[in-house]
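Asker: my questions concern the predicted model and sequence given below.
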Amino acid sequence: MSPPPPPQCGWRLLGFSLFLGSFCFALESAELDNNATDALNILLIIVDDLRPSLGCYGDKLVRSPNIDQLASHSILFQNAFAQQAVCAPSRVSFLTGRRPDTTRLYDFNSYWRVHSGNFSTIPQYFKENGYMTMSVGKVFHPGISSNHSDDSPYSWSFPPYHPSTEKYENTKTCRGQDGKLHANLLCPVDVADVPEGTLPDKQSTEEAIRLLEKMKTSASPFFLAIGYHKPHIPFRYPKEFQKLYPLENITLAPDPQVPDGLPPVAYNPWMDIREREDVQSLNISVPYGPIPVDFQRKIRQSYFASVSYLDTQVGHLLSALDDLHLANNTIIAFTSDHGRHIVDLVELVSLFPTLAGLAGLQVPPRCPIPSFHVELCREGQNLQKHLQLHDLEEDPHFLGNPQESIAYSQYPRPSDSPQWNSDKPSLKDIKIMGYSIRTIDYRYTVWVGFNPAEFLANFSDIHAGELYFVDSDPLQDHNVYNDSQHGGLPHSLKP
């Protein structure tokens, strides 16, 4: 007997949402015309490390009915890009509307208001415009990068909420075949047996619903941000979701090999995964050693199960929004901070001006260069013109002219070859910065020398390059940078 699908809650939102993919981004509101007299609420849902493993992105295996339902009446972006694929830099970037080279945060170890500039954030801007702003779970990355306070009191009307069980996420709570508890990568659990008998994302959903109930009778509009931990590693989720994905149904990645011509500086040795006890026991050689096929399937099984677990939490949250009759005047933005997969082109720095515009607030002006002394401005484009109701009715995936779109991202490295801190180097150790331009036709990357003391990239010091033609190489497995010698590049893409 096959297990039941994840429960789909009985919510029915009207209107409009926005999804960003390469990971995911959604935006929903029933009041997109300019005739609305009441201020629109904002519900910002941030999930961690979600790639497009969702039914709404065409995945036939993953069960995500609640997110799919949201996407069914949303603007669904197929090509959306984080400005750096690391949690803290990405979150600070899109929540301030500034790129990492402006926030000067490439790791987890500085607070932008002290280190770079006193930049306004999305919730701060809404707070200053009369909104009650509330944070639940992992919104800003906790720690130094948000001043150990989730940027409170600047961004939030009252102190942010963190689930009491967050502290167990990376502890020995995974029961192995030996009956002992381990700090594993793969961690399906019996919720009744885990500390406090619950999990962080379940607690966050409950707290967010409680806040929505309070806001039902509030005279102020609200900005509620909820940050979910899953499907970030470790894959710690209720074990019943594992039954949705029998191992015999799990396919392997379509391109398991290192891409042809990939420069060593571009390779991520995934040291954070190697630190987990169950992965350590595999004795995989560093940096290129392959993961055993049976363990690959188990990783993918647990990722998909984590996504389905996340989906049920999103369903409960949106069902409550609907039951409280708040859906018709609430904009829903759904995004991941970054994904674990490198496919309309938009950027997460566009979230700030787009939400401001849709809520009827004045859109912050474009930033001058440099903008370190400017507290309120934005480096992303306002997507509002693409999100009007008449465009949605005519084409729910409307994005304007894709030939005009370019997305920029970057990633730091400590050396030309993979090493222990390649995936998360501290600022002082960054020697190379990769800058990537993605158009509808190309992905073009240069890895250049970087001075961490001066925050300066030297584009005359090119260490390596990558060039992929998306139409002929959709999985980006064949780097033709050296073959082309730039001859096939449009002038606009040349360094």
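Answerer: Received the coordinates, thanks. Numbering: from 1, shown residues only.

Asker: would you map the strands across the stretch 51-200 of the chain?
Answerer: Counting by DSSP state E, counting those that start in this stretch, one finds strands in the stretch 51-200 of the chain at the ranges 75-76, 79-81, 132-137, 174-175, 181-182, 186-189.

Asker: will you turn those into JSON lines that also has mean neighbour count?
Answerer: Using the backbone N, CA and C atoms, a C-beta is placed for each residue, glycine as well. Shown next, in JSON lines, are the strands of the stretch 51-200 of the chain (neighbours: other CB atoms under 10 Å):
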{"stretch": "strand 75-76", "mean neighbour count": "25"}
{"stretch": "strand 79-81", "mean neighbour count": "24"}
{"stretch": "strand 132-137", "mean neighbour count": "25"}
{"stretch": "strand 174-175", "mean neighbour count": "20"}
{"stretch": "strand 181-182", "mean neighbour count": "18"}
{"stretch": "strand 186-189", "mean neighbour count": "21"}
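
Asker: which of the ones you listed has the lowest mean pLDDT?
Answerer: Per-stretch mean pLDDT for those is lowest at strand 75-76 (a mean of 78).

Asker: mind giving me the packing neighbours of that one?
Answerer: Using 3 or more CB pairs under 8 Å, 6 or more residues apart in numbering; DSSP states H and E, the elements in contact with strand 75-76 are strand 17-19, strand 25-28.

Asker: between the ones you listed, which gets the lowest average pLDDT?
Answerer: strand 17-19 (a mean of 45).

Asker: any idea how many residues pack against the closest residue to P264 other than its chain neighbours?
Answerer: Once flanking residues are discounted, P264 sits nearest to S417: 4.6 Å by CB to CB, 6 or more residues apart in numbering. The number of residues packed near S417 is 13, by other CB atoms under 10 Å.

Asker: is it true that S417 touches P269?
Answerer: No. Assessed by CB atoms under 8 Å, S417 is found out of contact with P269, at 9.6 Å.

Asker: so the protein: which segments form each domain?
Answerer: Domain assignment for the chain, taken from automatic domain parsing, gives 17-404, 407-493.

Asker: alpha carbons of stretch 179-192, as CSV, please.
Answerer: Extracted in CSV, the C-alpha atoms of stretch 179-192 (Å, rounded to 0.1, in the frame of the first residue of the first chain):
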residue,chain,number,x,y,z
GLY,A,179,20.6,2.7,17.5
LYS,A,180,22.8,5.7,18.6
LEU,A,181,22.3,9.4,17.9
HIS,A,182,24.4,11.1,15.3
ALA,A,183,24.9,14.4,13.5
ASN,A,184,24.1,13.1,10.1
LEU,A,185,23.3,14.6,6.7
LEU,A,186,20.3,12.2,6.3
CYS,A,187,18.0,12.6,9.3
PRO,A,188,14.4,11.4,9.1
VAL,A,189,13.0,11.5,12.6
ASP,A,190,10.1,10.5,14.7
VAL,A,191,9.0,13.9,15.8
ALA,A,192,7.8,12.6,19.2
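
Asker: give me the distance between it and the centre of its chain.
Answerer: In terms of CA atoms, centre = their mean, to the nearest Å, the gap separating the centre of stretch 179-192 from the centre of its chain is 25 Å.

Asker: quick one: contacts of that stretch?
Answerer: 170-176, 197-199, 202, 233-239, 241-242, 273, 276-279, 298-299, 302, 305 (CB atoms under 8 Å, 6 or more residues apart in numbering).
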